[in-house]
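J.: A predicted structure for the sequence below; I have some questions about it.
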Amino acid sequence: MKIPIVFLGTGQAIPTIKRNHTSILLSYKDENILIDCGEGAQRQIRKAHINPCSITKLLITHWHGDHILGIPGLLQTLALNGYNKTLQVYGPKGTERFLHAILDMFIFEGKINIKIKEIDSGIFLDTDDFYISCLPMSHGTPCLAYSFVEKEKIRINKEKLEKLKIKGSIIRDLAKGKDIIWNDKKVKAKDLTYSQPEKKITFIFDTTLNENCFKIAENSDLLISEATYTQKDEDADGFRYHMTAHQAGEIAKKSKSKRLILSHLSQRYEMNEKAILDEAKKVFKNSEVAQDLTKTEV
């Protein structure tokens, strides 16, 4: 099963003609998980032909404006469109206070059910199919990186199943790795099944390079990382608490990630994003630069 991802916004603090503020949507079965919600995110959701009412969870990396100013508008839209779910919101310390504060700034029409959970590190959501974990980053304010992991699964070889004409609820036992009796013969689960390894997608935004970057990204199938600027501009004013494309490549390489997508680019690279890509590729060849409304899958 492929896991679709849509880059709704790929810019830094100041949006450009090409790049909206940061926001990414990961879809998995009935889940549509929004990672950050920068200004204009709901229009990007519409441009991507996504129903905003399909969103089930919001993961907030931190509370700087370019990552959260789309939240009040999105919540208002959900309320006006009869959103009938409970939106689960996860974020660092202060999330509950900040979320209530921005909703108190204007007259909110309608009602929406929201469940807020402040998190710090480790696995904070665990289901039969996947789990999501986080680790703190270094950004001068509480900030988190996230990993979404689809759990390892036992899959059944349908061709072998049909050949033996095995039917019914007994197939569930095979899926659990249990041997069965079929037509008075023992059938071993290992002969009809195979293991599908876990898939891991990691999101790292707005941080200086730190040990937790390597920990959270370890063995990722896809690492999505900020690459706000190049090494040449590392000491430029206004770029404190951010990473270079070189550092993003370093994380991908040392964490043994399979693929790196660079995002959160500064406006100064609007006409020269190749500088970002080239720098990352020198360290980690399987690198690419995300564009707004880019779709990919893992």
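T.: All right, it came through fine. Numbering: from 1, shown residues only.
J.: could you pull out the helices for the protein?
T.: For the chain, applying DSSP state H gives helices covering 41-47, 65-68, 71-80, 95-103, 158-163, 170-175, 189-192, 211-217, 245-254, 273-283.
J.: Next, format those helices as a markdown table and append distance to Tyr131.
T.: Glycine gets a C-beta too; all of them are placed from N, C-alpha and C. Formatted as a markdown table, these follow (distance: least, C-beta to C-beta, whole Å):
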| stretch | distance to Tyr131 |
| --- | --- |
| helix 41-47 | 25 |
| helix 65-68 | 23 |
| helix 71-80 | 24 |
| helix 95-103 | 20 |
| helix 158-163 | 27 |
| helix 170-175 | 20 |
| helix 189-192 | 24 |
| helix 211-217 | 13 |
| helix 245-254 | 21 |
| helix 273-283 | 28 |
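J.: Mean neighbour count and mean pLDDT added to the ones you listed, as JSON lines?
T.: Output for the helices of the chain, formatted as JSON lines (neighbours: other C-beta atoms under 10 Å; pLDDT from 0 to 100):
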{"stretch": "helix 41-47", "mean neighbour count": "19", "mean pLDDT": "96"}
{"stretch": "helix 65-68", "mean neighbour count": "22", "mean pLDDT": "96"}
{"stretch": "helix 71-80", "mean neighbour count": "18", "mean pLDDT": "96"}
{"stretch": "helix 95-103", "mean neighbour count": "15", "mean pLDDT": "95"}
{"stretch": "helix 158-163", "mean neighbour count": "11", "mean pLDDT": "79"}
{"stretch": "helix 170-175", "mean neighbour count": "15", "mean pLDDT": "78"}
{"stretch": "helix 189-192", "mean neighbour count": "16", "mean pLDDT": "78"}
{"stretch": "helix 211-217", "mean neighbour count": "19", "mean pLDDT": "98"}
{"stretch": "helix 245-254", "mean neighbour count": "23", "mean pLDDT": "97"}
{"stretch": "helix 273-283", "mean neighbour count": "18", "mean pLDDT": "96"}
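J.: do you know how far Ser220 is from Tyr146?
T.: Ser220 sits 11 Å away from Tyr146 when distances are taken as C-beta to C-beta, to the nearest Å.
J.: in the protein, which ranges drop under the pLDDT threshold?
T.: Scanning the chain for pLDDT under 70 picks out 234-239.
J.: One more pass at 90, please.
T.: Applying pLDDT under 90 to the chain flags residues 1, 140, 152-196, 231-241.
J.: Would you mind giving the domain segments of it?
T.: Domains of the chain are assigned by automatic domain parsing as 4-152+197-297, 154-193.
J.: Kindly compare burial across these and name the winner.
T.: Of all these, domain 4-152+197-297 has the most neighbours on average by mean count of other C-beta atoms under 10 Å, namely a mean of 19.
J.: List the contacts of stretch 34-43.
T.: With contact meaning C-beta atoms under 8 Å, 6 or more residues apart in numbering, stretch 34-43 is reached by 8-9, 11, 15, 20-26, 52, 55, 57-61, 65-71, 73-74, 77, 146, 203, 205.
J.: Kindly report the same for stretch 176-186.
T.: Identification of contacts with stretch 176-186 by C-beta under 8 Å, 6+ apart yields Ile154, Leu164, Ile166, Ile170, Asp173, Leu174, Val187, Lys188, Ala189, Lys190, Thr193.
J.: These: which two are farthest apart?
T.: Ile154 and Leu164 (17.1 Å; C-beta to C-beta).
J.: still on that earlier bit, list residues touching both of Ser220 and Tyr146?
T.: Shared contacts of Ser220 and Tyr146, defined by C-beta under 8 Å, 6+ apart, comprise Thr202.
J.: which residue of this protein sits farthest from its center?
T.: When distances are taken from the C-alpha mean of the chain, Asp184 lies farthest, 47.9 Å away, according to C-alpha atoms, centre = their mean.
J.: Contacts only, for Gln291.
T.: Neighbouring residues of Gln291 by C-beta under 8 Å, 6+ apart: Phe7, Thr10, Lys18.
J.: Right, I'll leave it there.
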